[in-house]
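[1] Let me see the structure of the following:
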Amino acid sequence: MGLAVTGPLRREVARLLPARPFAVGFWDGSELPATDDGNGAGAAPTFTVRSPRAIAHALRAPGQLGLGRAYVSGELAVDDIDAVMRLLDTWQPPPIDGRDRVRLLLAAIAAAGLTRPPRPPASELVPRGTRHSRERDARAVRHHYDVSNDFFRLFLGPTLTYSCGVWARSGAQTLEEAQEAKLELVCAKLGLRAGERVLDVGCGWGAFALHAAAKHDVHVTGITLSPAQASLARARVEAAGLTEQVDIRLADYRELETEPFDAIASIGMVEHVGDVQIDAYAARLAELLKPGGRLLNHGITRQRHSDPDAGDFSERYVFPDAEPLHLSRVLLALERAGFVTQHVEGFGADYAETLRHWAERLDEHLEEATRLAGEERIRVWRLYLRAARNGFLSGFTGIYQVRAALPGGPAPAEAPGGPALVRS
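    As a prediction, this is how the structure comes out:
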């Protein structure tokens with residue numbers, strides 16, 4: 001890339017950001033040092049701009065998406081992702097007026113040099129079609145989950161439970177114990193009884209279905225949109241000798257025929273439904289239950305109504321079309337569908353702890369994970385797991401279990417942990 005010069009860009013950044021809790025290194029060996037350590041939070045991170053293509057990505061798609069593309073492609077590197085998370089929490093950049101923006105843009109153009117706009121990384125997905133249609137939802141799910149079953153096993157562990165464990169209330173010391181406690185808590189809240197028929201919406205690799213069938217002698221139908229998940233879940237069911245009790249289907253919840261289920265577990269599914277479909281989703285679950293049937297809805301929520309959406313990076317690289325709703329919106333949809341909410345419990349701190357374990361395990365198996373998923377995906381996942389944890393710690397996101405039931409059944413038993421309607 002000819003005529004690329006970093007001097008003007010370094011000078012503009014230094015002028016506009018005189019207090020910088022981060023350092024920036026460039027491909028030509030020049031560096032813009034940090035001016036402080038990030039308010040005492042730890043060593044200031046270093047961003048390394050490895051080539052003019054990183055600047056070109058930022059120019060082609062200004063903002064989060066361009067920086068994300070530069071990072072995923074490897075043209076922009078960071079030496080400490082955890083320090084970057086702390087930086088995002090503690091540092092507020094000063095405002096930049098229009099004239100200074102123009103000067104910064106011209107300096108960035110000089111740094112990029114003469115080059116064609118770089119292509120987006122191969123791991124980027126641009127969702128097409130009607131949002132939350134069956135076809136688009138299936139494509140989005142495959143993008144996230146059909147990386148490699150072995151890749152997920154590296155950090156999820158042998159249970160392959162891709163949702164938060166329960167730590168504080170269970171006294172769990174390991175990830176496996178926390179996940180076992182969560183699965184049992186769902187069963188207890190649903191009040192499962194031997195012989196009942198249970199629907200597992202978004203069954204993943206079958207962790208809940210296996211647990212409920214083996215521990216509570218129920219019949220479970222699990223559905224997923226991921227062929228890779230369905231294949232491994234069926235293999236796990238067969239290995240456990242539970243083929244007579246567990247049926248894993250590659251299906252959308254909208255495709256199910258009306259079946260008289262006694263209970264439904266929806267674990268980590270509702271955040272993929274979206275505002276335009278949440279009422280139809282709740283209504284469909286109600287149709288699939290017997291009178292008095294029970295529902296346990298476990299899902300990530302947005303906490304504050306003033307916060308923006310997650311942004312383009314997550315939309316293109318992590319969870320296309322994921323749309324965590326506010327808890328109030330989920331409860332409204334359930335009420336409109338005829339459900340009576342009986343118990344609500346928050347697990348934000350538990351998910352933050354779970355994500356800490358996942359991030360550490362992924363780093364412990366980084367070489368194997370890179371072999372299985374590729375360098376681009378690994379960059380995405382190392383950032384995503386930490387950003388997700390930061391979301392729970394900062395209060396941007398929460399996660400709640402909502403136990404609800406249709407009228408017509410026996411009086412509800414007290415929820416495990418106490419009779420309170422809302423716990424957090």
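
[2] Give me the domain ranges for the chain.
    Split into domains by automatic domain parsing, the chain comes to 7-112, 134-423.

[3] Which element, helix or strand, includes T35?
    Of the helices and strands defined by DSSP states H and E, none includes T35.

[4] what sits against it?
    P18, A19, R20, P21 (CB atoms under 8 Å, 6 or more residues apart in numbering). (Each C-beta comes from the backbone N, C-alpha and C, glycine too.)

[5] could you redo the last one with a cut-off of 10 Å?
    A14, L17, P18, A19, R20, P21, F22, A23, A44 (CB atoms under 10 Å, 6 or more residues apart in numbering).

[6] among those, which are in strands?
    Secondary structure from DSSP state E places A23 of the contacts of T35 in strands.

[7] wait, which of the contacts of T35 is closest to A349?
    P21 (26.8 Å; CB to CB).

[8] just to revisit the earlier point, need the winner for burial among the domains of the chain.
    Greatest average neighbour count among the domains of the chain goes to domain 134-423 (a mean of 19), per mean count of other CB atoms under 10 Å.

[9] chain center to the host helix or strand of E184: distance?
    Using DSSP H and E, the element containing E184 is helix 175-190. Mean-position distance between helix 175-190 and its chain equals 20 Å (CA atoms, centre = their mean, to the nearest Å).

[10] packing partners for it?
    For helix 175-190, the elements it packs on are helix 149-156, strand 197-201, helix 207-216, strand 261-267, strand 289-302, strand 340-346, helix 348-364, strand 397-405, judged by 3 or more CB pairs under 10 Å, 6 or more residues apart in numbering; DSSP states H and E.

[11] Just the CA trace of it, in PDB.
    C-alpha atoms of helix 175-190 as PDB (Å, rounded to 0.1, in the frame of the first residue of the first chain):
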ATOM      1  CA  LEU A 175     -18.100 -25.400  36.200                       C
ATOM      2  CA  GLU A 176     -19.500 -28.900  36.000                       C
ATOM      3  CA  GLU A 177     -21.100 -28.600  39.400                       C
ATOM      4  CA  ALA A 178     -22.600 -25.300  38.600                       C
ATOM      5  CA  GLN A 179     -24.100 -26.600  35.400                       C
ATOM      6  CA  GLU A 180     -25.500 -29.700  37.100                       C
ATOM      7  CA  ALA A 181     -27.100 -27.400  39.700                       C
ATOM      8  CA  LYS A 182     -28.700 -25.300  37.000                       C
ATOM      9  CA  LEU A 183     -30.200 -28.200  35.200                       C
ATOM     10  CA  GLU A 184     -31.600 -29.600  38.400                       C
ATOM     11  CA  LEU A 185     -33.000 -26.200  39.400                       C
ATOM     12  CA  VAL A 186     -34.900 -26.100  36.100                       C
ATOM     13  CA  CYS A 187     -36.300 -29.500  36.700                       C
ATOM     14  CA  ALA A 188     -37.300 -28.600  40.300                       C
ATOM     15  CA  LYS A 189     -39.000 -25.300  39.200                       C
ATOM     16  CA  LEU A 190     -40.900 -27.300  36.500                       C
END
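
[12] Tell me what angle that helix forms with strand 289-302.
    140 degrees (axes from the mean of the first three to the mean of the last three CA atoms, to 10 degrees).

[13] Okay, angle between helix 175-190 and strand 397-405 too, please.
    Going by the same axes, to 10 degrees, helix 175-190 makes 30 degrees with strand 397-405.

[14] pLDDT averaged over helix 175-190, what's the number?
    Per-residue pLDDT values across helix 175-190 average out to 98.

[15] what do you get for stretch 209-228?
    For stretch 209-228, the mean pLDDT works out to 96.

[16] Okay, now that stretch: how far is its last residue from its first?
    By CA to CA, to the nearest Å, the extent of stretch 209-228 from end to end equals 17 Å.

[17] Low-confidence regions, this structure specifically.
    Applying pLDDT under 70 to the chain picks out residues 1-3, 37-42, 258, 310, 409-424.

[18] Verify the stated contact: E180 with F208.
    No. The pair E180 and F208 fails to qualify as a contact (CB atoms under 10 Å) at a distance of 11.2 Å.

[19] who touches both of those two?
    T159, T161.

[20] about what we covered before: turn the domains of the chain into TSV, including distance to V126.
    Listed next are the domains of the chain as TSV, based on distance: least, CB to CB, whole Å:
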stretch	distance to V126
domain 7-112	11
domain 134-423	7
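
[21] The ones you listed: which one's closest to R119?
    Among these, the nearest to R119 by CB to CB is domain 7-112 (9.0 Å).

[22] gap between that closest one and the chain center?
    The chain centre lies 26 Å from the centre of domain 7-112; the measure is CA atoms, centre = their mean.

[23] go on, stretch 142-155?
    The answer for stretch 142-155 is 13 Å, by CA atoms, centre = their mean.
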